[in-house]
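Student: Pasted the sequence and its predicted model underneath.
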Amino acid sequence: LQSCIDGTLNIWKESVDIQSIKDTEIVTCRHEQFPSKITDDNLDELEIYAKVFALSGKPDDVDDAVNHVISDLGVAKLHSVIVSLPSTITEFDSNVKDIWQVMENVVDSGKAKEIGVADFDLNQLTQLREWSKIKPATNSVNLATCCVIPPDLIAYSKEHKIRLLTHADARDILDTDYLQTALSGYFTDDNKWQPSWVTRYTVLIKHRGIIKSKGYVLRCDKIEG
């Protein structure tokens with residue numbers, strides 16, 4: 001991710017006058033050599049998977065992340081959206097419920113076929129499934145933290161038709177100190193930067209498991225100070 005950010009900023013700075021946009025409220029940085037829009041006419045042969053790292057823990061940011069990746073890719077719908085909550089969220093509380101309701105709306109509004117979670121233990125997954133209107137289709141587990149998936153989690157997931165996936169992502173995927181250093185080279189004011197969300201997308205060719213394209217979309221907010 002960091003190399004993608006560095007490369008994008010280096011290309012982007014060649015196409016803009018930094019001074020002219022220093023007071024702009026929203027600045028969009030794109031790597032023009034690697035356009036994200038899907039131009040393939042036969043979208044029926046593709047499946048798009050997205051994983052939203054909800055770094056701020058705010059429900060509205062999850063909605064913003066999904067809308068941005070759909071817009072940037074130029075598609076109407078994703079096959080799957082997984083939400084990864086920040087490591088500070090450890091309980092199934094009202095904030096998690098609010099985030100899941102945003103995820104349910106993603107399905108209800110036709111933006112995704114299915115939704116899932118990342119790094120939920122058995123207790124969290126059970127509470128989510130029993131409470132939710134739209135049940136999680138997947139639970140992506142980090143083997144670096146649990147080494148072996150607990151047998152009770154496997155049994156529960158099998159019973160309730162929840163697919164268990166594995167990953168090696170850090171939950172706090174974008175380090176705030178790195179982000180501050182990276183952006184300070186382009187924006188010379190004294191403001192600090194806070195990552196709000198990161199979405200990683202993968203475009204697969206159906207039934208073949210071949211990756212057609214992949215990339216990141218992210219948002220960070222300037223903290224006045």
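Tutor: Sure thing, it's come through.
Student: Summarise which helices and strands the helix or strand hosting residue 123 is packed against.
Tutor: Residue 123 belongs to helix 122-131 when assigned by DSSP states H and E. Counting contacts by 3 or more Cβ pairs under 8 Å, 6 or more residues apart in numbering; DSSP states H and E, helix 122-131 packs against helix 94-108, strand 112-118, helix 151-159. No exception for glycine: its C-beta is placed from N, CA and C like everyone else's.
Student: hmm, try it at 7 Å
Tutor: helix 151-159 (3 or more Cβ pairs under 7 Å, 6 or more residues apart in numbering; DSSP states H and E).
Student: which residue is nearest the middle of this protein?
Tutor: Nearest to the mean C-alpha position of the chain, counting by Cα atoms, centre = their mean, stands residue 52 at 1.7 Å.
Student: dump the residue contacts of that one.
Tutor: Shown in contact with residue 52 (Cβ atoms under 7 Å, 6 or more residues apart in numbering): 62, 65-66, 81, 83-84, 197, 199.
Student: Among the residues you listed, give me the pair with the biggest separation.
Tutor: Of all pairs drawn from the contacts of residue 52, the greatest distance, 13.2 Å, lies between 66 and 84 (Cβ to Cβ).
Student: ok so, going back, for the contacts of residue 52, which one is nearest residue 98?
Tutor: residue 62 (9.2 Å).
Student: check which helix or strand covers the closest one.
Tutor: Judged by DSSP H and E, residue 62 forms part of helix 59-73.
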